[in-house]
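Trainee: Fold the following, please.
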Amino acid sequence: MNSALVAVLDRLAMAATRVSLGFSAEICRFAVARRARPSPLPDHVRFTLMLDLPRALAERLSARAIREGNNLEALVLEALKASLERG
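Mentor: Numbers count the residues shown, from 1 in each chain. Okay, here's the model as predicted:
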């Protein structure tokens, strides 16, 4: 995984952890309910996330996704899951 993307996603995961420690699960569910849309998959939501990336990083991520036969969204989702599992 691209080290720059992992670093960014790690910071996001740490920020989410700090926020979730200070709030109840009910408030977190409410926040997701306000921002997310229903998904056709059970127990999933569509959560729109806009990233402002340097062009070089976006091109490298796109190239990796194409090589792996994925789309960019799947690559970012994989990185988020891996980051949360690590820590």
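Trainee: the strands in this protein, which residues?
Mentor: Ranges of strands in the chain, per DSSP state E, are 37-38, 45-46.
Trainee: from the middle of its chain, how far away would the last one be?
Mentor: Relative to its parent chain, strand 45-46 has a centroid offset of 12 Å by C-alpha atoms, centre = their mean, to the nearest Å.
Trainee: Partner strands of that strand, with direction?
Mentor: Taking DSSP bridges as the criterion, strand 45-46 forms sheet pairs with strand 37-38 (antiparallel).
Trainee: How about residues contacting the strand it pairs with?
Mentor: 45-48 (C-beta atoms under 8 Å, 6 or more residues apart in numbering). Just so you know, the C-beta spots here come from the backbone N, C-alpha and C atoms, and that holds for glycine as well.
Trainee: From those residues, pick the one nearest residue 81.
Mentor: Checking those against residue 81 with C-beta to C-beta, the nearest one is residue 47 at 13.5 Å.
Trainee: Tell me how far the spatially closest residue to the closest one that is not a sequence neighbour lies from residue 49.
Mentor: With sequence-adjacent residues excluded and distances taken as C-beta to C-beta, 6 or more residues apart in numbering, residue 47 is closest to residue 36, at 4.8 Å. Relative to residue 49, residue 36 is positioned 11 Å away (C-beta to C-beta, to the nearest Å).
Trainee: Could you pull up the mean pLDDT of stretch 63-79?
Mentor: Across stretch 63-79, the average pLDDT comes to 89.
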